[in-house]
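Q: mind folding the following:
(one chain, ligands or ions: 1)
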Amino acid sequence: MSEARGHILVVGASSGVGRAVAERFAPTAQVTAVARRADRLAELAAAGVATVAADVADLAGIGGLIQGIVAERGLLTGLIYCAGLQVIKPMRALAVDEVERLYRVNLVAPTVFASAFASARVSTRDGVFCAVSSVAAQRPEPAIVPYAASKAGLDALIKGLARELAPRRAVGVAPGWLDTEMTQAQGRVYTAEFREALEKRSPAGIATVESVVDAITFLLSPQARHVTGEILRVDGGATL
Ligand SMILES: NC(=O)c1ccc[n+]([C@@H]2O[C@H](COP(=O)([O-])OP(=O)(O)OC[C@H]3O[C@@H](n4cnc5c(N)ncnc54)[C@H](OP(=O)(O)O)[C@@H]3O)[C@@H](O)[C@H]2O)c1
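A: Residues are numbered from 1 along each chain as shown. The predicted structure is shown next:
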């Protein structure tokens, strides 16, 4: 059960971590969910979540999107940025447009959302900005270098926001590998052998979406009121 209260905006809520966060918070808070796939968002609407279909890569649209959401449902007590995309390719094979899109969704859009969140017309003074980073920020692996760099930028964004937006808090979670649509789409890379090797080097076991949502629930809660600028690693110890 979540203790989340108020109005929480979950960006990237149609699947994976974002969807699980929206479902967790829906019983106790007003939740507004944003993603592109309207059909998948419709499933959340049944749980009482307000939904808005939007592409966050449309950076110019973000300000109006947030204004509309706040006008309809009130100031935000939390914004959880879960949208993300991964490109798995060696550096030599990267196309300019895919690099540009990756940074847009993983780093530029959360910066624009955070900029809006900083306003007293958008968020409450005790509001919390939370973003889903990755252990890749601290340990960039070959073939996901731009992804790792985008998440390292996100970590710096969170730490900077924690200082500039106070008394609002800014926090993040850094999951290790998770079984979600993002990784399921890369079946050739994330094979049974990959999972077996990961299991072996994860002292607390492979992390799950639920354990990441547990971490987010804590970070949003009053129990974490003195936690800010922190990016909590949830990877079963795989990167120790
Ligand atoms: N899976 C992992 O192993 C792993 C590990 C560490 C960190 N993470 C991070 O966890 C976060 C959530 O990923 P996930 O694993 O839960 O994958 P997922 O199921 O693919 O979820 C990604 C979410 O982002 C949304 N999204 C992507 N591009 C968007 C856009 N342009 N506009 C609006 N929404 C967009 C997707 O919705 P639509 O497609 O409907 O737009 C979806 O709801 C990401 O930031 C990812 O980098 C994942």
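Q: tell me what the lengthiest strand in the chain is packed against?
A: With residue count as the measure and DSSP state E as the assignment, the chain has strand 123-132 as its longest strand. In this structure, strand 123-132 packs against strand 76-81, helix 109-117, helix 145-164, strand 169-175, helix 209-220, with contacts taken as 3 or more CB pairs under 8 Å, 6 or more residues apart in numbering; DSSP states H and E. C-beta here means a position set from N, CA and C on the backbone, and glycine is covered the same way.
Q: hmm, try it at 10 Å
A: Applying 3 or more CB pairs under 10 Å, 6 or more residues apart in numbering; DSSP states H and E, we find strand 123-132 packed against strand 7-11, helix 16-25, strand 76-81, helix 109-117, helix 145-164, strand 169-175, helix 209-220, strand 231-234.
Q: which stretch among these comes nearest the ligand?
A: The stretch from the helices and strands packed on strand 123-132 with the least distance to the ligand (CB to the nearest ligand atom) is helix 16-25; that distance is 1.9 Å.
Q: is that closest one positioned near the ligand?
A: Yes - contact of helix 16-25 with the ligand (CB under 6 Å from any ligand atom) involves Gly16, Val17, Gly18.
Q: most neighbours out of those residues, which is it?
A: Tallying neighbours with other CB atoms under 10 Å puts Gly18 at the head of those, with 27 neighbours.
Q: backbone phi and psi for the residue nearest to that one when sequence neighbours are not counted, please?
A: When the adjacent residues along the chain are set aside, Gly18 lies closest to Cys82, with 3.3 Å between them (CB to CB, 6 or more residues apart in numbering). Dihedral pair for Cys82: phi -110, psi -10, per degrees, to the nearest 10.
Q: ok, Cys82 touching Ala109?
A: No - between Cys82 and Ala109 no contact is recorded; they are 11.5 Å apart, counting by CB atoms under 10 Å.
Q: residue contacts, the residue located most distally from the centre of the chain?
A: In terms of distance from the mean C-alpha position of the chain, Arg92 ranks first, at 28.2 Å (CA atoms, centre = their mean). With contacts defined as CB atoms under 10 Å, 6 or more residues apart in numbering, Arg92 has no neighbours.
Q: repeat for Glu199
A: So, once contact is read as CB under 10 Å, 6+ apart, Glu199 ends up touching Gly205, Ile206, Gly236, Ala238.
Q: same check on Thr228?
A: Shown in contact with Thr228 (CB under 10 Å, 6+ apart): 128-129, 158-159, 161-163, 165-171, 219.
Q: dump the helices and strands packed on strand 123-132 into JSON lines; add mean pLDDT as well.
A: Formatted as JSON lines, the helices and strands packed on strand 123-132 follow (pLDDT from 0 to 100):
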{"stretch": "strand 7-11", "mean pLDDT": "98"}
{"stretch": "helix 16-25", "mean pLDDT": "98"}
{"stretch": "strand 76-81", "mean pLDDT": "98"}
{"stretch": "helix 109-117", "mean pLDDT": "98"}
{"stretch": "helix 145-164", "mean pLDDT": "98"}
{"stretch": "strand 169-175", "mean pLDDT": "98"}
{"stretch": "helix 209-220", "mean pLDDT": "98"}
{"stretch": "strand 231-234", "mean pLDDT": "98"}
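Q: which of the ones you listed sits most buried?
A: Between those, the one whose residues have the most neighbours on average, counting mean count of other CB atoms under 10 Å, is strand 7-11 (a mean of 28).
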